Each structure stands twice: as C-alpha cells, then as structure tokens.
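**Student:** Just need the structure, nothing else, for what follows:
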Amino acid sequence: MRILLGLFWALVGGVMGFMVGAGGAAAYASVSNMSGREGARGYFVVGFGLVGAIVGIITAIVRYGRSAPKGQGAAYTGSGVAGIVGLAAVIVLSVWAYMQLIEKPLEYGNAQANLEMEFRVSTADIPTTATGDWLNVEVQTAKTRPVGDVGWSSRRVEGDRTIVPVVQGPLYRAGSRVIVVSIGDQQVESFMPPMKRTPDPNADWSEWYRPRSVEPPYGVTPKAPLKAVLELRYRVRAWGE
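**Tutor:** Numbers count the residues shown, from 1 in each chain. Sure thing, here's the model as predicted:
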C-alpha cells in the first residue's frame, strides 16, 4: 500500500512538473517568437516539459518521505522510488511485448524476405485446361492476408507429380500463419506448417506437409468426401540472396 501511495505522489508530481515545464517553455517560445520550423517549438516545449516532470517526480518523492512518521522517512522515500521503478518496468515490458507481437514485414539486416513455397500434386489431378488461376494462395495471419505469386509457367514434372512454385513477399512476422490454397472451384486446402515467428532465412527446404483441413468452396456442398491433393514445403529467403 505504501508503494502505491508513493507512486501516486510521484505521478502527481510528474504531471504537475510537466505542466509547469511545458507551460513555461510555451510562454517563453511565444514571447521570444521562437521559430516553429521543423517542429522546433514543439520539441522545445516537450523537452522542458519532460525536465519538469523529472524534477516534479523527485520533489514529490522527497516530500512523501518527509510526510512519513518520525524515523520512517527513508522507508517512505524508498517506497516511492520502488513504485516509480515498478511502473517503468511494466511500461518497458509492455512495449517489448507489443513490439514482439506486432505484425510487420520481417527484416534480416536491412532486407525484407520472401516466403518461397512449392506445392506438389499428382499430375493426373491437374485438369488439362488448368491455367495459373487453378491455384490461388494466401498466407493468412491474424491481421494480414497477402497473396502468393503462383509461378505456373515455372512448374516442373518429377515422376508422376507436378511441382508448382509460389512466392509470397514480403513475409510478415506473425505468431501463426495459415497457408490457404483454393484449387479452382474444386476445394480449399489449409496448411499450418510449424513455422517460427521469425524463420531462419538460411534454412533449407522444409519437409513436405499435407493440409490440416480440406473444405469445399464457400456455399458449395460436395457430392462426395473431399480428399487432399496437395503437399507443401517452404523456405524463407531474404531479398537479394
């Protein structure tokens, strides 16, 4: 309880100090006709406001210590400091967690990266009239749904199977990714390969994975149970490599 009370004192002191510092700086900037070019006046006001906040916090903690019963001033002062340190730790940890969870394009050094995929399918399962629109690929995260570029013209045949390359970039950092593949108007296959939030850009191709689920297109009722036709493997490569 004493730590919370000390934190309250410190916060009040910080707010008051910021207001006094920023207000004084704003008044000075107005009287002196300080230039506002490139935000100079704003930086000046905020800078003095922060200095005032620091002074206000220190002053409030000292006064909190002096308000303590006789012989407990140091303990009260320490409680105030502990409250501020605890609040700062919570803020730092919250910012760190946010930065870890935020979805944004991955960067390796100064380069972003592509997710390179290959889909393996029995050649007999590909319609003779199939074109590049036969496969549509999305790499879905909690907040993004980027589309993969299907290299239909670069497909190759290995034995009785056809390998179709797909590239999606830039790859987003995410806690989980679902690779959703629409196969013409036939079915939708979803893959959830074990991929790290920040995959290794130097790792070789993964093993082949089968889809986690196979569903009919939206609004379509299949006449027979659907069977998976695709397999997926992937790797990550930084741009320029």
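**Student:** What ranges in this protein fall below the confidence cut-off?
**Tutor:** Residue ranges of the chain with pLDDT under 70: 1-7, 9, 35-39, 64, 68, 71, 73, 75-103, 240-241.
**Student:** which residues in this structure form strands?
**Tutor:** 107-108, 111-122, 135-140, 149-150, 156-158, 161-168, 178-183, 187-191, 213-215, 230-238 (DSSP state E).
**Student:** Can you list the strands that the first one pairs with?
**Tutor:** By that I understand strand 107-108. Strand pairing for strand 107-108, using DSSP bridges, gives strand 111-122 (antiparallel).
**Student:** ditto for the fourth one
**Tutor:** Within its sheet, strand 149-150 is paired with strand 161-168 (antiparallel), according to DSSP bridges.
**Student:** Could you check how far the partner strand is from the centre of its chain?
**Tutor:** Relative to its parent chain, strand 161-168 has a centroid offset of 28 Å by Cα atoms, centre = their mean, to the nearest Å.
**Student:** Present the strands of the chain as CSV; the columns should include mean neighbour count and distance to Phe44.
**Tutor:** For the C-beta atoms, the positions are set from N, CA and C on the backbone; glycine is no exception. Formatted as CSV, the strands of the chain follow (neighbours: other Cβ atoms under 10 Å; distance: least, Cβ to Cβ, whole Å):
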stretch, mean neighbour count, distance to Phe44
strand 107-108, 16, 34
strand 111-122, 20, 37
strand 135-140, 19, 46
strand 149-150, 18, 49
strand 156-158, 9, 64
strand 161-168, 19, 46
strand 178-183, 21, 49
strand 187-191, 20, 55
strand 213-215, 15, 58
strand 230-238, 20, 42
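**Student:** Can I get those in JSON lines including distance to Leu11?
**Tutor:** Output for those, formatted as JSON lines (distance: least, Cβ to Cβ, whole Å):
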{"stretch": "strand 107-108", "distance to Leu11": "36"}
{"stretch": "strand 111-122", "distance to Leu11": "41"}
{"stretch": "strand 135-140", "distance to Leu11": "42"}
{"stretch": "strand 149-150", "distance to Leu11": "52"}
{"stretch": "strand 156-158", "distance to Leu11": "65"}
{"stretch": "strand 161-168", "distance to Leu11": "46"}
{"stretch": "strand 178-183", "distance to Leu11": "43"}
{"stretch": "strand 187-191", "distance to Leu11": "49"}
{"stretch": "strand 213-215", "distance to Leu11": "50"}
{"stretch": "strand 230-238", "distance to Leu11": "45"}
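**Student:** For Val15, find the nearest of those strands.
**Tutor:** strand 107-108 (37.3 Å; Cβ to Cβ).
**Student:** Go ahead and name everything in contact with the closest one.
**Tutor:** By Cβ atoms under 8 Å, 6 or more residues apart in numbering, the surrounding residues in contact with strand 107-108 are 113, 201, 238.
**Student:** Go through the residues you listed and name the one nearest Arg212.
**Tutor:** Closest to Arg212 out of the contacts of strand 107-108 is Ala113 (23.7 Å), distances taken as Cβ to Cβ.
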